[in-house]
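Q: have a look; sequence and predicted model below, questions after that.
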Amino acid sequence: EIVETDVDPSSDQAYRLICVELDKFGVCCFSESCSNINMWSHYAERHSGACVGFETGDDFFKDLQRVDYEYERHDFDLRNDVQEDIVRKVMLRKYESWINEQEWRLLRKPGGEPVSFNPDTLTQVIFGARCPESRQKLVRKLLDHRNVEFYQAQVDRYEYKLNILPCVEQQGH
C-alpha cells in the first residue's frame, strides 16, 4: 500500500511516497528515432556515445508501452488506485514538449526476476558524431562475432539534423 488513508493526496508527503514506490520499479527506455539531434545531446554524452538498435520481436520487448505526451498533469486516487497503476500512470507520461523523443518504455515490477535481452536482438550500433575512435574500436571488438551493423552519425552541414551513414570498414577489423 502506497499511503495510509489519512494522507492528503495533494500533499508533499504523498508525492514523496509515490517517489519511493517509483524507485522500486525498473524502467528501460527506447526511441523510434535514431537521428533526433536532441536525444544525442541529452542521452549520448553530447554525441560522443552510441545508440543501439534492436529487433523488437523477441519476448523481452513484448511489454513495451508507448509514452503519452500531455500538457496537463493528472491526479491520482492514492487511497483507491492500485500501486502498480499509479506507477504506470507516472512512468508512461511526459510533458508534451518531449514528444519528439518518440519514446517507448519497458517497466519491470519490484521483486521480479532480473531480466536481460537476447544478444541476438541487437542489430545495430550507431556511433555519435563525436564518438572517439578508441571507443568505436572497443565496441567493434566486443561485437566482432555478432551480426551487428555499424553506422556513424554525422552533423549535417546545411540543416539542423543528423545523417546516419553506414560505417566504412576499417582495415585490420
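A: Here it is on my side, so go on. Computed from a predicted model, the values in this text were never measured in an experiment.
Q: how about the strands in this structure?
A: Taking DSSP state E as the criterion, the chain contains strands spanning 26-31, 50-54, 65-66, 68-70, 93-95, 103-108, 122-127, 149-155, 162-166.
Q: mean neighbour count, those strands: which tops it?
A: Burial of these is given as mean neighbour count (mean count of other Cβ atoms under 10 Å); strand 122-127 ranks first at a mean of 20. All C-beta spots, glycine's among them, are computed from the backbone N, C-alpha and C.
Q: quick one: end-to-end length of stretch 117-132, please.
A: With Cα to Cα, to the nearest Å applied, stretch 117-132 spans 26 Å between its terminal residues.
Q: contacts for it?
A: With Cβ atoms under 8 Å, 6 or more residues apart in numbering as the test, stretch 117-132 has contacts from 34, 40, 44-58, 60-61, 135-136, 139, 143, 146-155, 162, 164, 167.
Q: centre of the chain to that stretch, how far?
A: Remark: stretch 117-132 is offset 14 Å from the chain centroid, using Cα atoms, centre = their mean, to the nearest Å.
Q: what's opposite the residue positioned nearest the centre of the chain in the beta bridge?
A: Nearest to the mean C-alpha position of the chain, by Cα atoms, centre = their mean, lies C29 at 2.0 Å. Per DSSP bridges, the residues bridged to C29 are R105.
Q: quick one, helices of the protein?
A: Counting by DSSP state H, the chain has helices at residues 12-22, 37-43, 83-91, 133-142.
Q: about what we covered before: correct me if wrong: the residue nearest to the centre of the chain contacts R105.
A: Yes - C29 is within contact range of R105, at 5.4 Å (criterion: Cβ atoms under 8 Å).
Q: pLDDT value on D63, please?
A: Model confidence at D63, expressed as pLDDT, equals 88.
Q: shouldn't it be in contact with W104?
A: No - using Cβ under 8 Å, D63 makes no contact with W104, being 10.2 Å away.
Q: low-confidence ranges in the chain?
A: Judged by pLDDT under 70, the chain has its weakly predicted residues at 1-14, 75-84, 110-113, 169-173.
Q: mind redoing it with 80?
A: 1-24, 73-89, 109-115, 168-173 (pLDDT under 80).
Q: what about L162, distance to V155?
A: 6 Å (Cβ to Cβ, to the nearest Å).
Q: before we move on, what about I37?
A: Counting by Cβ to Cβ, the gap from I37 to V155 is 8 Å.
Q: give me the common contacts of those two.
A: L162.
Q: give me the common contacts of L162 and V155.
A: Common neighbours of L162 and V155 (criterion: Cβ under 8 Å, 6+ apart): I37, A129.
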